[in-house]
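# from the sequence below, what's the structure:
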Amino acid sequence: MRTGSFAVTFTLLLAAAGCKSQPQPRATPPPPVAACALLTADSVAGSSEAVHVALLDEVSPASAPLGRNDSERLLFRHAYEALIDVDCRGRVRPALAESWDSEANGRGWRFTIREDARFWDGRRLTAVDVVRGWESGPGWVAVDSITIDSDRTFTVHLGRAHDTVPILFADPSHAVALSQAQSTWPLGTGPYRIEGPAPSTDFSHLVVNAYPPERGSQPRVVFRLATLTDARDLIDGGIDVMVTAAPDVLDYASKRSELESLPLPWDRTYVLLSPTRVRELRARQDDGLELPSVSGDLRDALASDAVRGDARGHQGSGWWDGDSACEVELERLRALPPAVATAAYRVEGPRRVVYIEGDEVARGLAERVVALATRPVSVERSPELNDAVPGLGEADVPLLVSALDRDRFDSALQRGSEFLFVVALATQSLDPCHHTMLLAERAPWLNIGWLSPVSTIIPLVDTRQHVIARSGAVSLTLAVDGTVLIP
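Below is the predicted model:
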């Protein structure tokens, strides 16, 4: 979605639905623990003043409920609910489902919807609504089938057994968002209600208001999307919460005594996805040969030379490193015919290293990769990239860096129609097998099932954000996936 130049207002209202929590066979969930808390508001400020939250990326109703950038993730986590929730210690709590139990030795899970669960328009949430919401979103990829048992109960059948309730049902891809022809935004169930402008309205600079229920003590929350505004101007304009990695903004905030800045977890890994690498891996598969990745030294160099903000060479493991527990999902993928990336067989025209427009980390990495490939004389480590990405070092074809808007990038990634993609992936996952399936759906030419993700994904750098908050103005907690929440 392209940004425009005028202001739009829409409203996010706290729904009045309660939170009746009596799961079976689990006890009533414990109160929030201190380990999950980032900041605590002063009692007066926390109950009587609005909290102003900055959104620095584009926000699109079409993305809901699974945010594609940090601003969408922040906003959608306050507006759309999944069946269960997982706190920052990994403990399962009820959300839309008030109880659950297993069937078929853990391959079936029967959920009971909270009796007072309501959509924003007041209509009661039913089992049919959950199924309809999943059918139109990415949550369906993990499910074999669903049996609707009653108005409030349904059984989810999975290909893999789980000893405890599958925490993949806390993933935002399983949040319930019901599309409505008469509404710009999909309907959610709370705790905040979005009231949006007409579908033709530009979303480049908007204000979102959130109001607490009469029974609650939460502050009114104002989400302000301002992609065309300098983040430092937003701080001067009274923003209470901002999530950013921009060094100049963090430095500016550090000089303000009324602001606090806290680092968040390392939660994003930037990787390279290469159609030519996949083609070569497929060709070598029968011989059991692999292609090299890049060394830790090169990853560290890319983090320091190409990225502004907190970055490090990829460390430890990502969810893509192990697929031994995902045999059921991989077998399902192997039942499909192998997909072919068009870029792997296209020879005419320049080769492009593409990234999503506006992602400065991806831009810096793309430019550095091209520099290493096209100026090998002055750079010792360029052969590492040339070996990892077949064809990267060929001198007779131009190699360009190109920014694509999000829709064009997603379309190209689906087809594999560019030479090389710089992609940001969540580093960790509540359920690695679920994310494996999501990636296979997003880029089918990776041939996951035939090829292991650890062989096709080239991880480069890990990044993290900081949350800037006005002291005493707001309470903040941290979700298990690193999303900042206003409780």
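# any idea how far residue 127 lies from residue 386?
Distance, residue 127 to residue 386, by C-beta to C-beta, to the nearest Å: 54 Å. All C-beta spots, glycine's among them, are computed from the backbone N, C-alpha and C.
# the two: which is more packed in?
Each of residue 127 and residue 386 had its neighbours counted (other C-beta atoms under 10 Å), and the higher figure belongs to residue 127 (20 against 16).
# pretty sure the more buried one contacts residue 153?
Yes. If you go by C-beta atoms under 8 Å, residue 127 and residue 153 touch, sitting 6.3 Å apart.
# who touches both of these two?
Contact with both residue 127 and residue 153 is made by residues residue 113, according to C-beta atoms under 8 Å, 6 or more residues apart in numbering.
# could you pull out the helices for the stretch 251-400 of the chain?
Across the stretch 251-400 of the chain, reading from the start of the chain, the helices by DSSP state H, counting those that start in this stretch fall at 275-284, 296-306, 327-334, 360-374, 382-388.
# how about these, which one is nearest residue 435?
Distances from residue 435 to each of the helices of the stretch 251-400 of the chain were compared using C-beta to C-beta; the shortest belongs to helix 327-334, at 10.2 Å.
# count the residues that sit near the nearest residue to residue 332 once chain neighbours are set aside.
By the measure of C-beta to C-beta, 6 or more residues apart in numbering, the closest residue to residue 332 outside its immediate chain neighbours is residue 159, 6.8 Å from it. Residues within reach of residue 159, counting by other C-beta under 10 Å, total 16.
# contacts only, for residue 159.
Contacts of residue 159 were listed using C-beta under 8 Å, 6+ apart, and they are 107, 144, 328, 329, 332.
# quick one: which of those residues is the most crowded by neighbours?
Neighbour counts for the contacts of residue 159 were taken using other C-beta under 10 Å; the highest belongs to residue 329, with 24 neighbours.
# from residue 146, how far out is that residue?
The separation that residue 329 has from residue 146, given C-beta to C-beta, amounts to 17 Å.
# what do you get for residue 153?
Counting by C-beta to C-beta, the gap from residue 153 to residue 146 is 11 Å.
# and residue 284, by the same measure?
Residue 284 sits 41 Å away from residue 146, going by C-beta to C-beta.
# more neighbours: these two, which one.
Set side by side, residue 284 and residue 146 give different neighbour counts by other C-beta under 10 Å, the larger being at residue 146 (19 against 12).
# partner strands of the strand or helix carrying the more buried one and their direction?
In the assignment (DSSP states H and E), residue 146 maps to strand 145-148. The strands beside strand 145-148 in its sheet (DSSP bridges) come out as strand 153-157 (antiparallel).
# got the contact list for the nearest residue to residue 449 once chain neighbours are set aside?
Nearest residue to residue 449, sequence neighbours excluded (C-beta to C-beta, 6+ apart): residue 333, at 3.1 Å. Contacts of residue 333 were listed using C-beta under 8 Å, 6+ apart, and they are 437, 440, 448, 449, 450.
# which of these ranks first by neighbour count?
Taking other C-beta under 10 Å to define a neighbour, the member of these with the most is residue 448, carrying 26 neighbours.
# report the beta-bridge partners for it.
On the basis of DSSP bridges, residue 448 takes part in beta bridges with residue 451.
# could I get the buried residue list for stretch 52-70?
Residues of stretch 52-70 classed as buried under the neighbour-count rule (16 or more other C-beta atoms under 10 Å) are 52-61, 63-70.
# what do you get for stretch 314-328?
Those buried within stretch 314-328 under the rule 16+ other C-beta under 10 Å are 314, 318, 319, 320, 323, 326.
# Throw these into TSV and include distance to residue 417, thanks.
Supplementary listing: these in TSV, determined by distance: C-beta to C-beta, whole Å:
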residue	distance to residue 417
314	26
318	25
319	26
320	22
323	26
326	27
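# and those, which is closest to residue 400?
When these are compared for distance to residue 400, the smallest value, 25.2 Å, is given by residue 314; criterion: C-beta to C-beta.
# and that closest one, how far from residue 271?
Counting by C-beta to C-beta, the gap from residue 314 to residue 271 is 8 Å.
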